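# sequence isn't available, so here's the structure alone:
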Ligand code: R5P
C-alpha cells in the first residue's frame, strides 16, 4: 500500500495568499480555463496584444497577389507572428504542423467575389476545428448587408459550439460595398457581435471616433489591414489604433504584398509590442533589407531552439 506523502513539516506557505490576478484579455474574466488558455496564446500576457497574420483571402478571392505560393511566400514569416488566420485547406496542405503560432481558423464561406458576398454559411464543423487544434474560429458578420441575419446566426451557432469546446470566436465585421464606414456603423456592428457572444472582433480602424467603438465593445478589437497602402501609412494607422484602444492587428495584404514582408511584420511587432513609434518602425523599415531581417529572425529562432534543448 502506498504511503501517505504528507509531512507535518511540508511547505504550505500559510502566510502567502493564493495567487489571484486579473486575466489580461478584455471581457474574458469569467470564461472557462480552456478558452482563456487559447486567448492567452493569441494575446500576449505581457501586453494583452496580438500581431495576427491574415492569409484567408483565398476563401472567396482565390490566389490574390502575395498568396500565390503560401509555401514560399508565407511559411518563412510564420515565426514572426503571434497568430495565423487561414482556411483549413491551406492549413492542412501547406502549413508545417511544427508551427508554434496559434491557428485562427476561417470557418465561414460559401460565396465568391463573383456574387453576393454576404451569402455565407458555416463551412467547417467544430469537430474538425478541434481536430486541427485551433486556438480560435473566425466568422464573417455582414451587418446591414443582404444576408445580414444569416451571417449573424452563423456566428451565434459557432459561439454555442465554441463555448462547448472552449474555442473562442473571432467575429469579423465585413462592410458591404454600399455601407458607410463610420463610427456609428462600427459601434453597431461590433456591439452586435459582442452582445451575441463573440469573444473578440476584427474590425476596421476609422480616424473619427474609433475610441467610441472600443469603449462600447466589451471584448478586444483587432484592427484589419485593408487594401495595400504605403508602409508608412499602414504603420501610422496601427500606432493610432493602439493608442485608441485596439488590442492589436490582423493584417494581410499590407504584410504579404509589401516589397519586404518580413521587415514589415517585424516593424509591426515593434509598434504593437515594443512601444516603438510608427516613425521609428518606418525608419527601421526603410533602412534595413529583407535578408538582414531574415538572418536576425533565424538566429533568434536558433537560440530559442538551443535553449529548449
Ligand atoms: C476578411 O474578409 C478576411 O479575413 C480577409 O481575408 C482579411 O481580413 C483581409 O486582411 P487584409 O485586409 O489585411 O488584407
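The structure has been received and is ready for your questions. All values derive from a computational prediction rather than experimental measurement.
# in the sheet, who's paired with the spatially most central residue of the chain?
Centroid-nearest residue in the chain, with Cα atoms, centre = their mean: residue 52, separated by 4.1 Å. On the basis of DSSP bridges, residue 52 is bridged to residue 83, residue 250.
# that one touches residue 222, doesn't it?
Yes - with contact defined as Cβ atoms under 8 Å, residue 52 reaches residue 222; the gap is 6.4 Å. Just so you know, the C-beta spots here come from the backbone N, C-alpha and C atoms, and that holds for glycine as well.
# overlap in contacts of those two?
248-250 (Cβ atoms under 8 Å, 6 or more residues apart in numbering).
# mind listing what's buried in stretch 59-79?
Counting neighbours by 16 or more other Cβ atoms under 10 Å, one finds that the buried residues in stretch 59-79 are 59-60, 66-67, 70, 73-74, 77-79.
# and the shared contacts of residue 52 and residue 222, which are buried?
Counted by 16+ other Cβ under 10 Å, these give 248-250 as buried.
# what's the separation between the closest residue to residue 210 other than its chain neighbours and residue 194?
Distance criterion Cβ to Cβ, 6 or more residues apart in numbering; nearest residue to residue 210, sequence neighbours excluded, is residue 244 at 4.8 Å. Separation of residue 244 from residue 194 (Cβ to Cβ, to the nearest Å) stands at 17 Å.
# what parts of the stretch 1-150 of the chain come near the ligand?
By Cβ under 6 Å from any ligand atom, the residues of the stretch 1-150 of the chain that approach the ligand are 54, 56-57.
# neighbour-wise, which of those leads?
residue 54 (26 neighbours; other Cβ atoms under 10 Å).
# that residue contacts residue 249, doesn't it?
No - with contact defined as Cβ under 8 Å, residue 54 and residue 249 do not form a contacting pair (9.1 Å).
# can you get me a residue count around the one residue in the stretch 101-250 of the chain that gets nearest to the ligand?
Proximity of the stretch 101-250 of the chain to the ligand (Cβ to the nearest ligand atom) peaks at residue 225, 2.6 Å away. Around residue 225 there are 24 other residues, counting by other Cβ under 10 Å.
# need the contact list for it.
Per Cβ under 8 Å, 6+ apart, neighbours of residue 225: 54, 234, 249-255.
# how about it, nearest residue that isn't a chain neighbour?
Using Cβ to Cβ, 6+ apart, the closest residue to residue 225 is residue 251 (3.6 Å).
# go on, residue 41?
residue 102 (4.2 Å).
# hang on, the one you found packs against residue 135?
Yes - if you go by Cβ under 8 Å, residue 102 and residue 135 touch, sitting 3.3 Å apart.
# what touches both of those two?
38, 41-42, 83.
# so which of these sit within helices?
Judged by DSSP state H, the shared contacts of residue 102 and residue 135 include 38, 41-42 as members of helices.
# most neighbours, which of those residues?
residue 42 (26 neighbours).
# quick one: contacts for that residue?
For residue 42, the contact set (Cβ under 8 Å, 6+ apart) comprises 50, 52, 82-83, 102, 104, 135-136, 168, 200.
# ok, and the most crowded of these?
That'd be residue 200 among the contacts of residue 42, by other Cβ under 10 Å, with 31 neighbours.
# helix, strand or coil for residue 170?
Classification of residue 170 by DSSP: H, G, I helix; E, B strand; the rest coil places it in strand.
# next, count neighbours for the closest residue to it other than its chain neighbours.
Leaving out its chain neighbours, the residue that sits closest to residue 170 by Cβ to Cβ, 6+ apart is residue 138, at 4.2 Å. Residues near residue 138, counting by other Cβ under 10 Å, number 27.
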